[in-house]
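>>> this one's sequence-less:
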Ligand SMILES: Cc1cc2nc3c(=O)[nH]c(=O)nc-3n(C[C@H](O)[C@H](O)[C@H](O)COP(=O)(O)O)c2cc1C
């Protein structure tokens with residue numbers, strides 16, 4: 001496995017869902033950066049399981065213990081290491097999955113690649129739980145970027161086809177503040193309908209997916225290193241490391257391919273002595289380099305693979321078709337909990353690019 005990210009800063013994520021602990025190390029962070037632990041905890045709480053009636057009932061505190069790298073509230077230049085202890089595990093739910101892989105999950109591919117030595121309990125290293133350490137690193141990077149006037153916010157664009165208010169691609173700071181804290185949408189009525197769709201899928205033993213939009217404001221022009229470390233490539237590498245992410249686009253993305261060049265191009269203008277673009281169809285990136293306009297990208301999250309509805313699978317031992325009813329405690333929709341994870345991924349990618 002290869003769970004390390006970054007060119008300048010090096011993020012490593014370790015652990016398994018039902019192991020003693022999960023955690024991360026973050027190398028090459030300069031000394032003297034302040035750490036607001038309360039703010040970090042607030043950020044981690046947004047991702048933590050068991051927060052409401054539409055999340056998995058697995059309750060975990062997600063409280064990191066810092067082992068190194070931070071002294072008296074400031075980074076000291078040594079690698080930052082933190083762990084979160086796993087407390088609420090129930091591994092018996094996962095025993096049959098090595099023989100009967102869950103459709104849509106990584107049980108089958110892990111079995112092929114690791115020949116039965118993989119830790120299958122709770123999804124092992126493939127679990128969404130591994131996004132908690134990513135949120136520790138991302139929550140720290142987010143704080144350090146905020147101190148430079150760079151802000152990151154994400155909201156749910158749609159769940160089960162129910163859409164939030166559209167936002168224009170030249171989003172500015174105040175709109176990030178309009179995102180609802182409990183359920184990250186701009187329009188609370190749309191949010192309520194999404195919650196109902198999630199509850200209805202759960203009651204039928206099923207799950208739903210959706211889209212998340214992430215916006216970064218305050219970025220200067222000139223960040224990104226083409227060809228292969230441009231901002232799109234850097235963000236894509238970390239965002240696709242998040243389990244259940246199946247699509248990513250920047251700016252107008254796929255819909256831009258239906259537009260004329262004259263419609264899709266962003267006209268340059270000078271406003272208050274600053275070079276801006278009248279629109280932001282490119283999502284704030286040209287040639288892999290930031291334009292100085294908000295960086296905007298959208299992520300597709302698939303429906304949670306573990307559903308309690310009966311599904312067809314196989315017995316790997318007998319090579320015969322079997323049925324499977326997944327046990328365990330699962331999110332009927334990953335999207336709301338993935339929102340802070342997407343913000344964390346963006347923060348790590350941008351902090352790394354700026355440090356480079
Ligand atoms: C925050 C978060 C929570 C998740 N919770 C679950 C879950 O409860 N049940 C499940 O089957 N998958 C869950 N997943 C997704 C699986 O880990 C993922 O679908 C699986 O590892 C296969 O990887 P892939 O979908 O990227 O191909 C979650 C993902 C994230 C980001």
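Alright, I've got the coordinates. It should be emphasised that the depicted structure is a prediction, and the values quoted were computed from it without experimental measurement. Numbers count the residues shown, from 1 in each chain.
>>> how about the helices in the stretch 1-150 of the chain?
Ranges of helices within the stretch 1-150 of the chain are 37-47, 107-114, 131-146, based on DSSP state H, counting those that start in this stretch.
>>> the longest one vs the ligand: in contact?
Right, helix 131-146. Yes. Counting by CB under 6 Å from any ligand atom, the ligand is contacted by helix 131-146 at residue 131. Using the backbone N, CA and C atoms, a C-beta is placed for each residue, glycine as well.
>>> taking helix 37-47 as reference, get the angle to that helix.
Per axes from the mean of the first three to the mean of the last three CA atoms, to 10 degrees, the angle that helix 131-146 makes with helix 37-47 is 130 degrees.
>>> gap between residue 310 and the ligand?
Separation of residue 310 from the ligand (CB to the nearest ligand atom, to the nearest Å): 16 Å.
>>> of the helices of the stretch 1-150 of the chain, flag the one that's most buried.
The highest average neighbour count among the helices of the stretch 1-150 of the chain, using mean count of other CB atoms under 10 Å, belongs to helix 131-146 at a mean of 25.
>>> now for the helices of the stretch 1-150 of the chain, which one comes closest to residue 255?
Residue 255 lies closest to helix 131-146 among these, at 27.9 Å (CB to CB).
>>> quick check: mean pLDDT across that closest one?
Summarised as a single mean, pLDDT over helix 131-146 is 98.
>>> how about stretch 197-211?
96.
>>> local confidence estimate at the nearest residue to residue 292 once chain neighbours are set aside?
With sequence-adjacent residues excluded and distances taken as CB to CB, 6 or more residues apart in numbering, residue 292 is closest to residue 221, at 3.5 Å. pLDDT recorded at residue 221 is 98.
>>> list the contacts of residue 221.
Neighbouring residues of residue 221 by CB atoms under 8 Å, 6 or more residues apart in numbering: 275, 289, 290, 291, 292.
>>> phi and psi next, for the closest residue to residue 266 other than its chain neighbours.
Spatial nearest neighbour of residue 266, chain neighbours left out: residue 277 (3.7 Å); criterion: CB to CB, 6+ apart. Residue 277 has phi and psi values of phi -120, psi 150 when expressed as degrees, to the nearest 10.
>>> pretty sure residue 277 sits against residue 286.
No. Residue 277 is beyond contact range of residue 286, at 9.2 Å (criterion: CB atoms under 8 Å).
>>> go ahead and confirm residue 180 touches residue 190.
No. Contact criterion CB under 8 Å: residue 180 and residue 190 do not qualify, at 10.0 Å.
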